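> Could you look at this predicted model? Sequence included:
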Amino acid sequence: MWKGRFQEKTSNRLQEYGQSVSYDWRLYRHDIQGSIAHAGALKKARILTDGECRKIVSGLRQIESAITRGDFTFTKELEDVHMNIESALTARIGAAGAKLHTARSRNDQVALDIRLYLRDAIAEIQKQARALQRSLVTLAGKNSDIAMPGYTHLQRAQPVPVAHHLLAYVEMLDRDFGRLADCAKRMDEMPLGSGAIAGSTIALDRVKIARDLGFSRITQNSMDAVSDRDFACELLAAIAIIGMHLSRLSEDVILWASAEFGFIYLSDAHTTGSSLMPQKKNPDIAELTRGKTGRLYGNLMSLLTTLKGLPLTYNRDMQEDKEPIFDSVDTIISALAIFAEMMGAASFHKNKLQQAVADPLLLATDLADYLVLKGVPFRKAHEIVGKLVAHSVKMETPLNELPLADYVKASDVFSKDVFAIFDVKKALEARKSIGATAPKFIRARIAHWKKKVR
Ligand code: ARG
């Protein structure tokens, strides 16, 4: 492509070192989509005749189907997907093909291709995020009346409906969805016409190209257009955050699936066994997802580091953007999809949950509130109940089974109605503010999500 300036052949080592086609071939559909729009603009600018433009478009379409069929050989001598396709086009249709790259550089071409690719990728990630939300909402719906211990510091804290815990992740995924949408909005700018750095002496109707490709704006600075990948950083950050959320869900699932908790049952189809220990049933999906989150963080850091300190405008370093981008997109799509499937097939162990949530210590706060409602200042009430808890531990007697005399000894405000406090259902119902555990509110929230994510 640049043989005019050079007398020597490119070193084989450089060819191997510099090629990107082994991974950027995946951009072929978007590359061809962009080239077709570019050809249209060249025709309008009278660089291409109607006939030449038609030949280019049909040649590109043929190449596209050949690649899709697996009937196309990419070669590393042609470095990247852009030059492979252009060269195949010229081989196929002759002189007209050699006109396609007029007023275009691979710098604006690749800036376009990545945007087109990421636009589709974002739509797919959003689709999978919705699928996981749906599966969590369905599971919440099936468990709207079952309570479990809620934890802070992984120590039993207060009872919560299972559905409340699951819906917490639905809220997170909804913000993730919004972050993806924000990212798509900022990415929605068409860079073609920027050339290598300074635009082109051949005026293209950039607005038309943008319209043809479904962009709502065009980039306004050719130097910015070919040099920044901030939109990709933003997406990798959004993906890293989704990974962070999924890794927390993973950890909950891993704990819940252990014999120590025994809260959740994962289907055989979504667990694996051990080659040695016959009894094992391992939550690999959750573990892998927790593990892959590290890769997602790494990809973000890798891209930020690649871009850091690069002088304007395009530098070859930027070719290093593709692998982390592809890897994060692929990883998060499969993680969301498999999680949706796994949670869809999971169920909760009612008995185990009932046993766990029957721990009277989960209602120690309610006991303090009982005193508060009888006029005891909260700090004082906290101390009284704390002493009762210590006493119950020492006596190896559950809090709700201590004799009334022990209560009265701790505070004469207690009377025998205190034992009514140890009722999980009432405790959930008593938390009536928006966002809290009252079953009525949880049911409304399930209905809200069912509508939103269906
Ligand atoms: N394969 C290159 C990349 O992904 C395309 C742009 C190459 N531009 C250049 N001037 N060498 O970054």
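Noted; the coordinates are in hand. All values reported here derive from a predicted model rather than from experimental measurement. Numbers count the residues shown, from 1 in each chain.
> who in this structure is up against the ligand?
Proximity of the chain to the ligand is confined to 20, 80, 106-107, 110, 314, 316, 318-319 under the rule Cβ under 6 Å from any ligand atom. To be clear about C-beta, it is placed using only N, CA and C from the backbone, and glycine gets the same treatment.
> Make JSON lines from the residues you listed and add neighbour count, pLDDT and secondary structure to it.
As requested, the residues of the chain next to the ligand are arranged in JSON lines below (neighbours: other Cβ atoms under 10 Å; pLDDT from 0 to 100; DSSP: H, G, I helix; E, B strand; the rest coil):
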{"residue": "Ser20", "neighbour count": "20", "pLDDT": "98", "secondary structure": "coil"}
{"residue": "Asp80", "neighbour count": "25", "pLDDT": "98", "secondary structure": "coil"}
{"residue": "Arg106", "neighbour count": "20", "pLDDT": "97", "secondary structure": "helix"}
{"residue": "Asn107", "neighbour count": "20", "pLDDT": "98", "secondary structure": "helix"}
{"residue": "Val110", "neighbour count": "26", "pLDDT": "98", "secondary structure": "helix"}
{"residue": "Tyr314", "neighbour count": "21", "pLDDT": "97", "secondary structure": "coil"}
{"residue": "Arg316", "neighbour count": "9", "pLDDT": "97", "secondary structure": "helix"}
{"residue": "Met318", "neighbour count": "22", "pLDDT": "98", "secondary structure": "helix"}
{"residue": "Gln319", "neighbour count": "19", "pLDDT": "98", "secondary structure": "helix"}
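> Need the phi and psi values for Gly150.
Summarising the backbone geometry of Gly150 under the convention degrees, to the nearest 10, its torsions are phi -90, psi 150.
> Count the residues that sit near it.
The burial count assigned to Gly150 is 17, neighbours taken as other Cβ atoms under 10 Å.
> Quick check: closest non-adjacent residue to it.
The shortest distance from Gly150 to any residue other than its chain neighbours is 3.9 Å, reached at Val160 (Cβ to Cβ, 6 or more residues apart in numbering).
> my guess is Gln158 is in a strand, correct?
Yes - according to DSSP: H, G, I helix; E, B strand; the rest coil, the state of Gln158 is that of a strand.
> List the residues that contact the closest residue to it other than its chain neighbours.
Leaving aside its sequence neighbours, Gln158 sits nearest to Gly150 (Cβ to Cβ, 6+ apart; 5.2 Å). If a contact means Cβ atoms under 8 Å, 6 or more residues apart in numbering, then Gly150 has 156-160, 164-165 as its contacts.
> any idea how far the residue nearest to Gly150 lies from the ligand?
As for Val160, its distance to the ligand is 49 Å (criterion: Cβ to the nearest ligand atom, to the nearest Å).
> how many other residues sit next to that residue?
Around Val160 there are 23 residues (other Cβ under 10 Å).
> Just the local confidence number for it, please.
In the prediction, the pLDDT value recorded for Val160 is 97.
> who's it bridged to?
Met148 (DSSP bridges).
> picking that back up, can you say which of the contacts of Gly150 are buried?
Buried members of these, scored by 16 or more other Cβ atoms under 10 Å, are 156, 158-160, 164-165.
> Would you point out the most distant pair within those residues?
Farthest pair in these (Cβ to Cβ) is Arg156 and His164. Separation: 15.4 Å.
> mind pulling up the phi and psi values for Leu307?
Phi and psi for Leu307, reported as degrees, to the nearest 10, are phi -80, psi -30.
> Which strands and helices lie in contact with the helix or strand that contains Thr305?
Thr305 is part of helix 284-307, with elements assigned from DSSP states H and E. Here helix 284-307 touches helix 230-257, helix 322-344, going by 3 or more Cβ pairs under 8 Å, 6 or more residues apart in numbering; DSSP states H and E.
> buried stuff in the last one?
In other words, helix 322-344. 322, 324-329, 331-333, 335-344.
> Kindly report the same for stretch 94-113.
Within stretch 94-113, the residues that qualify as buried are 96-97, 99-113, counting by 16+ other Cβ under 10 Å.
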